[in-house]
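Chemist: model this:
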Amino acid sequence: MRLRPEGEPLDDEFRAAVSDVHPLAPPRRVSRQPAAPSPLPRQTRLDESAVLDDALHGAISVDDALESGDELVYLRDGLPRQVLRKLRGGYWVVQATLDLHGMNRAEAARATQEFLRRCSSRGVRCVRIVHGKGLRSPNREPVLKHKLHSWLPRLDEVLAFCQAPGAQGGSGALMVLLRG
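Modeler: Numbering: from 1, shown residues only. Modelled structure (predicted):
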């Protein structure tokens with residue numbers, strides 16, 4: 001212990017100097033949280049899984065689809081089945097697309113009719129109509145898909161339609177062949 005020149009120890013003087021000192025409050029800092037993980041593209045994964053499942057377990061040919069009734073297909077009377085095979089196989093290039101996502105039945109009916117008439121008048125031969133898979137519909141059923149099955153055959157412009165290949169929408173879209 002060191003002594004001051006007057007003879008008092010330094011410890012006693014220090015204690016006397018800091019006797020009324022109180023500890024500081026803890027800092028009011030926000031602790032940093034680790035960065036949140038990036039979101040998972042859940043819907044994309046579901047869509048890709050559905051396309052893969054469709055490709056692995058879907059109908060093998062248009063003839064099989066016609067017989068099983070699983071796939072929406074239509075062929076105007078008098079046309080050979082080869083037309084459906086060509087439509088499904090991508091023989092005709094898709095020249096226009098209509099997306100019905102977010103529309104109610106009345107809006108979808110109006111939009112479909114106008115779209116097909118406009119395409120037919122411009123000489124467009126092959127179109128795609130995206131109706132969706134019904135994932136946000138009540139009971140997760142594709143309401144517009146079933147409506148299109150009843151609407152399209154009534155239109156004079158429509159010669160044939162079938163489910164789109166997986167790369168073009170799969171069970172969420174239709175390929176439609178129009179009069180030339």
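Chemist: how deep is residue 130 tucked in, by neighbour count?
Modeler: Using other C-beta atoms under 10 Å, residue 130 has 17 neighbouring residues. C-beta here means a position set from N, CA and C on the backbone, and glycine is covered the same way.
Chemist: residue contacts, it?
Modeler: Contact partners of residue 130, counting by C-beta atoms under 8 Å, 6 or more residues apart in numbering, are 97-101, 169, 172-173.
Chemist: Now do the helices in the chain.
Modeler: 10-17, 42-57, 62-68, 82-88, 105-121, 143-151 (DSSP state H).
Chemist: Low-confidence stretches in the chain?
Modeler: 1-10, 51, 53-71, 134-140 (pLDDT under 70).
Chemist: make it 90
Modeler: Under the criterion pLDDT under 90, the flagged ranges of the chain are 1-18, 21-72, 88-90, 101-105, 131-150, 165-172, 179-180.
Chemist: returning to that earlier point: in terms of distance to residue 115, which of the contacts of residue 130 ranks first?
Modeler: Of all these, residue 98 has the smallest distance to residue 115: 4.4 Å, by C-beta to C-beta.
Chemist: In CSV: the helices of the chain, plus distance to residue 131.
Modeler: Listed next are those as CSV, based on distance: least, C-beta to C-beta, whole Å:
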stretch, distance to residue 131
helix 10-17, 83
helix 42-57, 14
helix 62-68, 17
helix 82-88, 17
helix 105-121, 8
helix 143-151, 4
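Chemist: For these, give me JSON lines that also has mean neighbour count.
Modeler: Output for the helices of the chain, formatted as JSON lines (neighbours: other C-beta atoms under 10 Å):
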{"stretch": "helix 10-17", "mean neighbour count": "10"}
{"stretch": "helix 42-57", "mean neighbour count": "12"}
{"stretch": "helix 62-68", "mean neighbour count": "15"}
{"stretch": "helix 82-88", "mean neighbour count": "18"}
{"stretch": "helix 105-121", "mean neighbour count": "15"}
{"stretch": "helix 143-151", "mean neighbour count": "17"}
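Chemist: For residue 29, find the nearest of these.
Modeler: helix 10-17 (29.7 Å).
Chemist: Are there helices or strands packed against that closest one, and which ones?
Modeler: The criterion is 3 or more C-beta pairs under 8 Å, 6 or more residues apart in numbering; DSSP states H and E, and there are no helices or strands that helix 10-17 contacts.
Chemist: Pull that helix out as CSV, backbone CA atoms only.
Modeler: Output in CSV follows, covering the C-alpha atoms of helix 10-17 (Å, rounded to 0.1, in the frame of the first residue of the first chain):
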residue,chain,number,x,y,z
LEU,A,10,-4.7,6.1,-1.4
ASP,A,11,-7.4,3.5,-1.0
ASP,A,12,-9.3,5.4,1.7
GLU,A,13,-9.2,8.6,-0.3
PHE,A,14,-10.5,6.8,-3.5
ARG,A,15,-13.3,5.2,-1.6
ALA,A,16,-14.3,8.5,-0.1
ALA,A,17,-14.3,10.1,-3.6
